[in-house]
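S.K.: how would this look folded up:
(2 chains)
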Amino acid sequence: MTEQLSNPETQKQEIVEQEQTERTRESRMYVPRVDIYESDDAIHILADIPGADENSIDITLEKNVLTIDAEVQAEKPQDYSLMYAEYGIGGFRRKFNLSNEIDQEKIVAEVKDGVLKLVLPKSEKVTQKISVKAAKE
Amino acid sequence: MIYRRTSSPSLWEEMDKLQREMNRMFDSAFTNRLIDRPINSHDFPAMNVWTKADVGQVITAEIPGMNVDDLDIKVVGETLTISGSRQAPVDDENIRYHRQERGYGSFTRTIQLPFAIEVDKVEANYEKGVLKVWLPRAESDKPRKITVKAI
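M.R.: Numbers count the residues shown, from 1 in each chain, chains lettered A, B, ... in the order given. This next block holds a predicted model:
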C-alpha cells in the first residue's frame, strides 16, 4: 500500500500583482510552494522552484522581508513544438515577513533538483528585558 | 487527452489554459476536501507534450526534489507511465511547522501516446527538478511515402 500525495493541488499558482509596480518583462511569474518550519536555533524554508539553478536564484533580506526570486529559462526541446500544455513556465517570486531576529551573516541557501533550501539562523542576541519599577511618590 | 491543432497557437494556448482551469475549478468544487478521499493522483505531475512530426515526442514534467532512484518510467506499447514518490518532510519533535504546502508521497500517471514508441531508444533526464522524456516514434509506425508512377 502506498501513501497518496498529500497535496492534491498540481497546478502552479500564478502571481497576481498586488503592488502598484509591474514587471517590465512580459513573462509569467509563479508563487513557489513552500514548507517553513522552525527549530530551536533556526528557521528553515524549502521552496519548490523547478527549472531554476544556483545562478538564477536571488535571495534578499531587507528589514525582515525575505524575498526569493528565481528566474527560469524556458528550455524548449529543439525543433519540437508544444502540442499540449498543462503547466506554464516562468520564474518564481515570493516574499515573507520574518518575525524573528535573523543572523543575516549566517544564512545558508542551497538548491538541489529544483528545491531551494534556506536556513535562517536565529540571532543570538538576547532581547533586553526592561524591568518596570513602581515609581515612588 | 491529446489532440492536435493547426492554427493560431497562442490563442489556442490561452483557450486551453482557460478550459483546464475551469475543469480544475469544477473538480475541486465538487469534491469534498474534508473527507480524506483518495486523490486523483493521475493529475500529478502536470505534463507538457512537445512534438516533432515523424520523429517523436518529448514529455516534460516539473517534479522538484526527487531522487532519481525513486522515479520510474515505463513504456508499454503506446502508453507511458511515470511514477515515483517524494520523500516526506522531516518530522521531528523539536520543530514547529509554520507552513506546509509542498506535496509528498507517491504518484502515478499514465498517458496515451498517439503512436508506437521505439522502446529501446527512450531516454529520460532529470535536471533542476524537471523530468524530460524523449520518446522516438517507432520506425515501423512511421508513415511510408508512396511514390506515384506515371503510366
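
S.K.: what does the strand or helix carrying A:Ala109 contact?
M.R.: Secondary-structure assignment from DSSP states H and E places A:Ala109 in strand A:108-112. With contact meaning CB atoms under 8 Å, 6 or more residues apart in numbering or on different chains, strand A:108-112 is reached by A:Ile49, A:Ala52, A:Asp53, A:Glu54, A:Ile57, A:Ile59, A:Leu116, A:Lys117, A:Leu118, A:Val119, B:Gly65. Glycine gets a C-beta too; all of them are placed from N, C-alpha and C.

S.K.: any idea of the pLDDT on the residue of chain B most remote from its centre?
M.R.: No residue in chain B sits farther from the centre than B:Ile151, which is 49.6 Å out by CA atoms, centre = their mean. Looking at B:Ile151, its pLDDT reads 83.

S.K.: and for A:Gln18?
M.R.: Note on A:Gln18: pLDDT of 63.

S.K.: determine the number of other residues adjacent to residue 131.
M.R.: No chain was given, so I picked chain A. If you count neighbours by other CB atoms under 10 Å in any protein chain shown, A:Ser131 ends up with 4.

S.K.: not quite, go with chain B.
M.R.: Neighbours of B:Leu131 (other CB under 10 Å): 23.

S.K.: how near is B:Leu71 to chain A?
M.R.: Here B:Leu71 is placed at a distance of 11 Å from chain A (CB to the nearest CB, to the nearest Å).

S.K.: how about B:Tyr97: what's its closest non-neighbour residue?
M.R.: Nearest residue to B:Tyr97 in three dimensions, chain neighbours excluded: A:Tyr37, at 4.8 Å (CB to CB, 6 or more residues apart in numbering or on different chains).

S.K.: ok, then the element right after the one helix or strand the one you found maps to?
M.R.: Using DSSP H and E, A:Tyr37 sits within strand A:34-38. Moving toward the C-terminus from strand A:34-38, the next helix or strand (DSSP H and E) is strand A:42-48.

S.K.: partners of that next one in the sheet?
M.R.: Strand pairing for strand A:42-48, determined by DSSP bridges: strand A:34-38 (antiparallel), strand A:115-121 (antiparallel).

S.K.: in JSON lines: those strands, plus distance to A:Asn64, mean neighbour count and mean pLDDT.
M.R.: Formatted as JSON lines, the strands paired with strand A:42-48 follow (distance: least, CB to CB, whole Å; neighbours: other CB atoms under 10 Å in any protein chain shown; pLDDT from 0 to 100):
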{"stretch": "strand A:34-38", "distance to A:Asn64": "15", "mean neighbour count": "19", "mean pLDDT": "92"}
{"stretch": "strand A:115-121", "distance to A:Asn64": "11", "mean neighbour count": "20", "mean pLDDT": "93"}
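
S.K.: adding distance to B:Thr81, write those strands out as CSV.
M.R.: Putting the strands paired with strand A:42-48 into CSV (distance: least, CB to CB, whole Å) gives the following:
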stretch, distance to B:Thr81
strand A:34-38, 28
strand A:115-121, 24
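
S.K.: count of neighbours near the closest residue in space to B:Asn125 that isn't next to it in sequence?
M.R.: Leaving aside its chain neighbours, B:Asn125 sits nearest to B:Lys132 (5.3 Å; criterion: CB to CB, 6+ apart). For B:Lys132, the neighbour count with other CB under 10 Å is 17.

S.K.: setting the sequence-adjacent residues aside, check what's closest to the residue nearest the centre of chain B.
M.R.: In chain B, the residue lying closest to the centroid (CA atoms, centre = their mean) is B:Met47, at 3.3 Å. Leaving out its chain neighbours, the residue that sits closest to B:Met47 by CB to CB, 6+ apart is B:Ala61, at 4.8 Å.
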